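Peer 1: Got a sequence here, can you build the structure:
(3 chains)
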Amino acid sequence: MAAPALAIEGISKNFGGLRVSRDISLSLPVGARHALIGPNGAGKTTLVNLISGLLQPSSGRIALDGVDITNLAPERRVGLGLARTFQISSLFPSLTVAENVGLAFEARFGLDRRLWGRVRSRPEIVEGTAALLQSLGLLELARKRVADLPYGQRRLVEIALVLALEPKTLLLDEPAAGLAVSDRGALLDLLLRLPEALTILVIEHDMSLVFRLAQRITVLVEGQVMTEGSVADIRADPRVRDVYLGTRSHG
Amino acid sequence: MLKVAATVAALAVDGVAYGMILFLMSVGLTITLGVMRIANLAHCAFAMAGGYIAFALVRSGYFSLFTALPLAVAATMLIGAGLERSLYRWVYATGQLGQILMTIGLVFVVVATANLLFGSNLNAIALPSWLSQTYFYGSVTISAYRVFIIAVSTGIAGTLWAILEFTDFGARLRAAVDNPRMARCVGIDVPRVFSITFSVGCGLAAAAGILGTQIMPLEPWYALEYLVPVLMVVAVGGLGSLKGSFYAALMLGVVDTFGRYYVPAAGAFIIYLAVLLLLLWRPQGVFARV
Amino acid sequence: MAVLDRDTINAVREGFTRHRLSWIDTLPFLFAALMYFFAARYLPLGTQVMIQVAFALSLDLALGYGGIDSLGHVAFFGMGAYAAGLYALYVSSEPLSGLAVAACIGALTGLVTGPLVLRARGLTVVMLTLAIATMLHELANTSAMKPITGGADGLFGFKIAPVFGMFSFDLYGRTAYWYSLGVVAFVFIICKLVVNSPFGLAVRGMRDNPVRMRMLGVNVTARLVTLYCVSGALAAMAGGLSAQVTKLVGLDSLAFLVSGNALVMLILGGAGRLYGAIVGATVFVALSDRAAAIDPFNWLFAVGGVLILAVRFAPQGIVGLIADWSQRLGWVRR
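Peer 2: Numbering: from 1, shown residues only, chains lettered A, B, ... in the order given. Here you go, the predicted structure:
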């Protein structure tokens, strides 16, 4: 059997005396669409930070395609095919959309250490950016500065950024947060069109989006896994209704 | 052997006195950095301002060091509060670079003003006769002035500690240092706490400037001259940590004094190298709570 | 994937900002050339301007583009000055190789101190850069180093051979002037190349959002160290140039004021746009020469005041103001 795209084994994270993540285990096969839900403060973003390497776990291990990445620097994990988005879009506000996406291509091809030549005359950067922006329908934005874009469009640009990396595993931290309903439709369309071989772990509060996108769902409560199951299982689980769906209005 | 011990004792007193002055000078800065994250490179200018005001008062002949001290400290606190409400407010939101530039500008203005008013000579405030004596205990020579500095500074440090530990204001300040956002959420008026602390910090710096003139003589470039040691105290002690600053200042004072005496060829280089190594070892400060 | 047509690619290419060399870039050099013919009296001042322009350009690369808040850039300047001085004194009086040696020493200084400084963030960077520069200043002043650095007396008594073996340094400073202009042009072109390169784009990205940069798989500290080395090499060239044309290296070439003044020049002209360094340094040195001749401390007062007001009212500097106005008046399009 092939190694899972992403395997988390018994991860815990303590901040001082506070145990934010407790013995979490997850396994995502290649091409999985896995959602992570739970009330605010359940430690969902902490888990994404642990996987992407911005935080170091207190115990447990993380493997990507069977390779142990627990002690790897975040940038090295990206090199192994891991990419993520942030709850609040993390982009380069003073650069144009083309430059934002171009930077991701640069990083992927290892061109960011080139002190010579021009960005504009590197076909792999310019054409790659053009192709990606076209496929996402973002061509008109190419020359705009990110700082001048409305929030919904920044979201899409961030997804373009991570897609430019051609990741094997993608972590999406509340992609629909702060989006207008109309923008959510566009986002969902985009997410549903992503390549099938791409493994996705998504944190989301918007249940309609979760139920349409995910195949399996893990429910996290107070830093530990409460239950894991198929979409149907989770919908039917009364405990989930209590701890999460019942408190949705706070989200 | 006895002679060595006598030298060591004398150096230790010198070093501790210097360290205490550094501590008083850096208290305000470490709090400013800890609470508001304002890179205030003009902090030593307040020490200089206090020093010069007291110097002018004593020189006028109507005041002694002890009557001039509270007046000059109060005046500096007023100046500090006024600047905090005007110039510093401008740069709260500009980010670090804006703060650095504004406060460097302020240092330049203060240096020029000091030169205009007092000239470029080295100045020290005249001491009362009982303070300028040295006492001999066998082969040990102790200067009354340095013992006095240590006593007064210890008193101030103790008072500070008591205020922080036991008063309501102290509790609010500690909360604001630990987590400014959280403090704001629980209803602490962080800007007000900060204004008061800033002003008190200026006053403490002024006291250091006034008390220390025999060790650190007044001159127009004073504001820049002692900026680096004070920044080093704050950095080694850990931003926002009073206790850290205290230990760091004592350590710096003692190491620098001994280093200059025993390895004169290296001069002040030893202390900078030591600090650099300490900061590389613990970038968040040696005494910082992690 | 859909087939891309030329127009689409070109449209996207336009989305990448360019800083190409244009006719505007020749203006400062034309001006400098004109000055040679019409204001020969001021050639030594012009040479000082060029040294500071080169230094401010190097600082702009690190601070304006890379967001490295360096308060100790004088460390590079001073290292370069001492390197060039010692090279002329003990190895060879040939000037170009002297500058190359200075640049190498500058890059080396960046390579040694960079990994230590750039791991840190925020205020710690400011303090570490300041501490390193102060430490070098103290080191040069120690009696142990006096045989090498000359201590407070400085390094002097070295000669500089003619440039290219043809143009000897004359009393009127004509050769020094052209030589400095050449060095500044070289520094400027290097800056332009770096800014336009893929690395340059990555540097702007790191200033904007280092966390995102890491999450694109870029080793941010390593790239910043590279930038620090390039900037350090150029700053050291400025220091070396200063040593060669003044034939003196004093302790003040490691003094904080050199860093402080360069910061003022950069903020006055406008950081992060190269032209700002040129305009700022020119204005600053020209004014300070006039004012310092009259009263150095009042000049300091004025500099401080301008700095405070600039932070409040013109954070983009002179060039930023001009760019704003020309855009508002429709002279240029974005």
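Peer 1: Show me the strands in the stretch 201-334 of chain C, by range?
Peer 2: Under the criterion DSSP state E, counting those that start in this stretch, strands of the stretch 201-334 of chain C are mapped to C:248-249.
Peer 1: pLDDT score for the residue of the stretch 1-150 of chain B found nearest chain A?
Peer 2: Going by Cβ to the nearest Cβ, chain A is nearest to residue B:95 of the stretch 1-150 of chain B, at 13.3 Å. Placement of C-beta: from N, CA and C, glycine included. Residue B:95 carries a pLDDT score of 79 in this model.
Peer 1: How is the residue of the stretch 101-250 of chain C found nearest chain B classified with respect to secondary structure?
Peer 2: Nearest residue of the stretch 101-250 of chain C to chain B: residue C:135, at 3.7 Å (Cβ to the nearest Cβ). The three-state label given to residue C:135 by DSSP: H, G, I helix; E, B strand; the rest coil is helix.
Peer 1: The helix or strand residue B:82 falls within: which residues count as buried?
Peer 2: Applying DSSP states H and E as the criterion places residue B:82 in helix B:65-83. By 16 or more other Cβ atoms under 10 Å in any protein chain shown, the buried positions in helix B:65-83 come out as B:65, B:68-69, B:72-73, B:75-77, B:79-81, B:83.
Peer 1: Throw those residues into JSON lines and include pLDDT and distance to residue C:165, thanks.
Peer 2: Putting the buried residues of helix B:65-83 into JSON lines (pLDDT from 0 to 100; distance: Cβ to Cβ, whole Å) gives the following:
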{"residue": "B:65", "pLDDT": "89", "distance to residue C:165": "67"}
{"residue": "B:68", "pLDDT": "93", "distance to residue C:165": "67"}
{"residue": "B:69", "pLDDT": "93", "distance to residue C:165": "67"}
{"residue": "B:72", "pLDDT": "96", "distance to residue C:165": "64"}
{"residue": "B:73", "pLDDT": "95", "distance to residue C:165": "66"}
{"residue": "B:75", "pLDDT": "97", "distance to residue C:165": "65"}
{"residue": "B:76", "pLDDT": "96", "distance to residue C:165": "61"}
{"residue": "B:77", "pLDDT": "95", "distance to residue C:165": "66"}
{"residue": "B:79", "pLDDT": "96", "distance to residue C:165": "61"}
{"residue": "B:80", "pLDDT": "95", "distance to residue C:165": "61"}
{"residue": "B:81", "pLDDT": "94", "distance to residue C:165": "65"}
{"residue": "B:83", "pLDDT": "94", "distance to residue C:165": "58"}
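Peer 1: With distance to residue C:69 added, can I get those in a markdown table?
Peer 2: Formatted as a markdown table, the buried residues of helix B:65-83 follow (distance: Cβ to Cβ, whole Å):
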| residue | distance to residue C:69 |
| --- | --- |
| B:65 | 40 |
| B:68 | 39 |
| B:69 | 37 |
| B:72 | 34 |
| B:73 | 32 |
| B:75 | 33 |
| B:76 | 28 |
| B:77 | 30 |
| B:79 | 27 |
| B:80 | 25 |
| B:81 | 28 |
| B:83 | 22 |
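Peer 1: now, which of those residues sits nearest residue A:147?
Peer 2: residue B:83 (32.4 Å; Cβ to Cβ).
Peer 1: Disregarding flanking residues, what is the spatial nearest neighbour of the residue of the stretch 101-250 of chain C closest to chain B?
Peer 2: residue B:272 (3.7 Å; Cβ to Cβ, 6 or more residues apart in numbering or on different chains).
Peer 1: for whichever strand or helix holds the one you found, packing partners?
Peer 2: Assigned by DSSP H and E, residue B:272 belongs to helix B:269-281. Judged by 3 or more Cβ pairs under 8 Å, 6 or more residues apart in numbering or on different chains; DSSP states H and E, helix B:269-281 is in contact with helix B:227-237, helix B:242-262, helix C:123-141.
Peer 1: related to what we said a few turns ago, how about whichever helix or strand comes after the helix holding residue B:82, which residues are buried there?
Peer 2: The element immediately downstream of helix B:65-83 (helix or strand, assigned by DSSP H and E) is helix B:89-91. Within helix B:89-91, the residues that count as buried by 16+ other Cβ under 10 Å are B:90-91.
Peer 1: Could you pull up the mean pLDDT of helix B:89-91?
Peer 2: 85.
Peer 1: any residues touching that helix, and which ones?
Peer 2: B:38, B:98-99, B:102-103, C:311-312 (Cβ atoms under 8 Å, 6 or more residues apart in numbering or on different chains).
Peer 1: Send me the following helix or strand past that helix as PDB with only the CA atoms.
Peer 2: As assigned by DSSP H and E, the chain's next helix or strand after helix B:89-91 is helix B:96-118. C-alpha atoms of helix B:96-118 as PDB (Å, rounded to 0.1, in the frame of the first residue of the first chain):
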ATOM      1  CA  GLN B  96       9.700  50.700  13.500                       C
ATOM      2  CA  LEU B  97      11.500  52.700  10.900                       C
ATOM      3  CA  GLY B  98       9.500  55.800  11.400                       C
ATOM      4  CA  GLN B  99      10.100  55.500  15.200                       C
ATOM      5  CA  ILE B 100      13.800  55.100  14.700                       C
ATOM      6  CA  LEU B 101      14.000  58.100  12.400                       C
ATOM      7  CA  MET B 102      11.800  60.400  14.500                       C
ATOM      8  CA  THR B 103      13.700  59.600  17.700                       C
ATOM      9  CA  ILE B 104      17.100  60.100  16.000                       C
ATOM     10  CA  GLY B 105      15.800  63.400  14.800                       C
ATOM     11  CA  LEU B 106      14.800  64.200  18.400                       C
ATOM     12  CA  VAL B 107      18.300  63.300  19.600                       C
ATOM     13  CA  PHE B 108      19.900  65.600  17.000                       C
ATOM     14  CA  VAL B 109      17.600  68.500  18.100                       C
ATOM     15  CA  VAL B 110      18.500  67.800  21.800                       C
ATOM     16  CA  VAL B 111      22.200  67.600  21.100                       C
ATOM     17  CA  ALA B 112      22.100  70.900  19.200                       C
ATOM     18  CA  THR B 113      20.100  72.500  22.000                       C
ATOM     19  CA  ALA B 114      22.400  71.300  24.700                       C
ATOM     20  CA  ASN B 115      25.400  72.700  22.800                       C
ATOM     21  CA  LEU B 116      23.700  76.000  22.300                       C
ATOM     22  CA  LEU B 117      22.800  76.400  26.000                       C
ATOM     23  CA  PHE B 118      25.800  74.800  27.700                       C
END
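Peer 1: packing partners for the longest helix belonging to chain C?
Peer 2: The longest helix of chain C (DSSP state H) is helix C:220-246. Counting contacts by 3+ Cβ pairs under 8 Å, 6+ apart, helix C:220-246 is packed against helix C:43-59, helix C:74-90, helix C:95-117, helix C:174-196, helix C:198-208, helix C:210-214.
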